[in-house]
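> Here is a sequence with its predicted model. Questions after.
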Amino acid sequence: MGSWAYFSESRILPIKSVVIQGDYDRIDQIAVKKVLLPFLSQNNFLTIKTSQVREQLLQVPWVGSVSVSREWPGKLVVHLVERDVIARWNEGYVMGSDGTLFAVKTENTYRHLPLLRGPEGHQKLVWEQYKIMNQELASAGLKIAYLTLSPRQAWQAQLANGMVLVLGRTDTLSKIQRATRLYTSVIGSRGDEVDYVDLRYANAIAVRWKAERNNAL
């Protein structure tokens, strides 16, 4: 939250101050002020178009929503709401709740979020699949940590317990349902011992245990 003042003695009913409100970490106040200054230099308290100010501020990175209002006799109040960050995307990006991507210098702050990978422009599709799959897996107490869509449109999920689900290109939901039934009826508490589960077969499921992988090395 911050505030700053803009003064002008030459105009009738000048905008004497601008107050910027809101709880946020990533919105750049300098960028916000650069948007506001042209409006302040060309308008007074009555002529400034708050809808135009709002539309311009929505173009600032990380700004999710904006309200702009006047307070008599000469104050402009701007309230900013930061975009939610819902996931990491590929390398060096995070995803907003509307699918917008933002480059970040370090991902350490976002390690608690799922990592989604996929071809350029597919982030909304991958996010929607993540939600669908996670909802189904939740019945078995499982959660996806990483979800990948390959350039050949094949899906693979790594769960929080380290188990990998190889899903292929079609019928991903039914395969997730099969994986859930397998986990609850067969794997159970031994989930952290499973290397991967291959669900690409129509009438079979292949399970590789970590002990088998280690013995093969």
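Received the coordinates, thanks. Residues are numbered from 1 along each chain as shown.
> Going by C-alpha atoms from here, please, whenever you check contacts or count neighbours.
Fine.
> what's the burial count for Y93?
The number of residues packed near Y93 is 18, by other C-alpha atoms under 10 Å.
> got a list of what it touches?
101-104, 107 (C-alpha atoms under 8 Å, 6 or more residues apart in numbering).
> What segments of the protein are helices?
29-42, 50-57, 123-137, 172-182, 210-216 (DSSP state H).
> Now do the buried residues in stretch 140-150.
Using 16 or more other C-alpha atoms under 10 Å as the test for burial, stretch 140-150 gives 140, 142-149.
> Tell me which of those residues fall in strands.
Using DSSP state E, the members of the buried residues of stretch 140-150 that fall in strands are 144-149.
> Which one of those is nearest to W127?
Nearest to W127 out of those is L147 (C-alpha to C-alpha; 8.8 Å).
> hmm, back to that, any chance of the buried residues of stretch 140-150 in a markdown table, with distance to V32 too?
A markdown table is the format used below for the buried residues of stretch 140-150 (distance: C-alpha to C-alpha, whole Å):
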| residue | distance to V32 |
| --- | --- |
| A140 | 46 |
| L142 | 42 |
| K143 | 38 |
| I144 | 37 |
| A145 | 35 |
| Y146 | 35 |
| L147 | 35 |
| T148 | 36 |
| L149 | 36 |
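> if I pick the residue nearest to W155 when sequence neighbours are not counted, what's in contact with it?
Take W155 and drop its neighbours on the chain: the residue closest to it by C-alpha to C-alpha, 6 or more residues apart in numbering is L149, 4.8 Å away. Going by C-alpha under 8 Å, 6+ apart, L149 touches 117-119, 126, 155-156.
> Cross those against strands and list the overlap.
117, 155-156.
> returning to what we had before: which of the helices of the chain sits closest to E193?
Per C-alpha to C-alpha, nearest to E193 of those: helix 210-216, 5.6 Å.
> rewinding a little: name the nearest of the buried residues of stretch 140-150 relative to G22.
Nearest member of the buried residues of stretch 140-150 to G22, counting by C-alpha to C-alpha, is A145, at 31.1 Å.
> Could you list the domains of this structure?
2-82, 85-216 (automatic domain parsing).
> Tabulate the ones in strands among the buried residues of stretch 140-150 (TSV), appending pLDDT and distance to Y196.
Putting these into TSV (pLDDT from 0 to 100; distance: C-alpha to C-alpha, whole Å) gives the following:
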residue	pLDDT	distance to Y196
I144	97	13
A145	97	14
Y146	97	13
L147	98	14
T148	98	15
L149	98	17
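> Fine by me, we can end here.
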